[in-house]
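A.B. asks: below are the sequence and a predicted model; questions follow.
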Amino acid sequence: MPDWIDNHCHLDGEDDAAGLVAEARAGGVVGLITVGTDLERSRAAVAVARRHPAVWATAGIHPHDASGGCGGLRELLADGVADGTVVAVGECGFDFHYDHSPRQRQADVFAEQVGLAHATGLPLVIHTREAWEETFELLDREGVPPRTVFHCFTGGPEEADECLARGALLSLSGIVTFPSAAELRAAAAAAPLDRVMVETDSPYLAPVPHRGRRNRPVHVARVGEEVASLMGRPVEEVAAATTATARVVYGLDGPVS
């Protein structure tokens, strides 16, 4: 059974987080990164990571929650880095589809978190929706952190090239299994294997054939299988490469146990 790392899931609000982690581990998932989206949920993500081996957390402010600012985030990052539970800043960025926070506020909070990634040396996890131009402009202005991940990448080949040109990585979710996502599937097929990771974004975006049901970290293997098919590569090769990349990007040194 190939080893996988689900580099982006949300376990903080799951009543059965322990069961989801156990199911994933039994299904070949050797590591999970649970992602914070506001201060409270980031604290909860850190708490989940502290309870479960092979689970790490991020801490960040999602653009939906940018109106609340970044207060307390720096301290949470410092505490999590100190005990090895926090491995990235984010998810942060722009979401112009819903605009739950004013766009200028989204920009300010995004820029502040880019600064935190630079200051801490942590990876940056980006959420961008209907805001590619603005995302690239802000990153070019603020400087792209050395380890930057476009989570749930949904662009096509052109957007992928722009991300890769800035040294960023593409994290592919269950959307890559949707027949309607032709541009994304084309981007995945052409992407360099060493610049790709896989995720579930669970409990959202369950891959085919689980679409319409709650997503689960164990389904990261299904995402990886689709990526392998699109790339024309063996599943084992894609699993080994994406897992190795996730270890490097998030600093998961040594064996995952």
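C.D. replies: Thanks, I have it.
A.B. asks: would you verify that residue 117 is located in a helix?
C.D. replies: Yes: residue state for residue 117 (DSSP: H, G, I helix; E, B strand; the rest coil) corresponds to a helix.
A.B. asks: surely it and residue 145 touch.
C.D. replies: Yes: contact criterion CB atoms under 8 Å: residue 117 and residue 145 qualify, at 4.1 Å. From N, CA and C alone the C-beta is placed, and that goes for glycine too.
A.B. asks: between those two, what contacts are shared?
C.D. replies: Shared contacts of residue 117 and residue 145, defined by CB atoms under 8 Å, 6 or more residues apart in numbering, comprise 123-124.
A.B. asks: and the helices in the chain?
C.D. replies: In the chain, the helices defined using DSSP state H lie at 17-26, 39-51, 73-82, 103-120, 132-142, 157-165, 182-190, 220-231, 235-250.
A.B. asks: give the rounded mean pLDDT of the fourth one.
C.D. replies: Going back to what we said before, that points to helix 103-120. The pLDDT scores in helix 103-120 average 98.
A.B. asks: kindly report the same for the fifth one.
C.D. replies: In this model, helix 132-142 has an average pLDDT of 98.
A.B. asks: going forward, count from 28.
C.D. replies: Sounds good: first residue 28 from here, last item helix 159-169.
A.B. asks: where does this protein dip in pLDDT?
C.D. replies: In the predicted model of the chain, residues 280-284 satisfy pLDDT under 70.
A.B. asks: any idea how far residue 43 is from the nearest residue to residue 159 once chain neighbours are set aside?
C.D. replies: Distance criterion CB to CB, 6 or more residues apart in numbering; nearest residue to residue 159, sequence neighbours excluded, is residue 186 at 5.5 Å. Distance from residue 186 to residue 43, counting by CB to CB, to the nearest Å: 35 Å.
A.B. asks: more crowded one of these two?
C.D. replies: Legend: neighbour count by other CB atoms under 10 Å for residue 186 and residue 43, higher for residue 186 (21 against 11).
A.B. asks: now do the contacts for the more buried one.
C.D. replies: Residue 186 makes contact with 159, 180, 214 under the criterion CB under 8 Å, 6+ apart.
A.B. asks: of those residues, buried ones?
C.D. replies: With neighbours counted using 16 or more other CB atoms under 10 Å, the contacts of residue 186 contain these buried positions: 159, 180, 214.
A.B. asks: I'd say the first one and residue 189 touch.
C.D. replies: Yes: applying CB under 8 Å, one finds residue 159 in contact with residue 189, separated by 7.3 Å.
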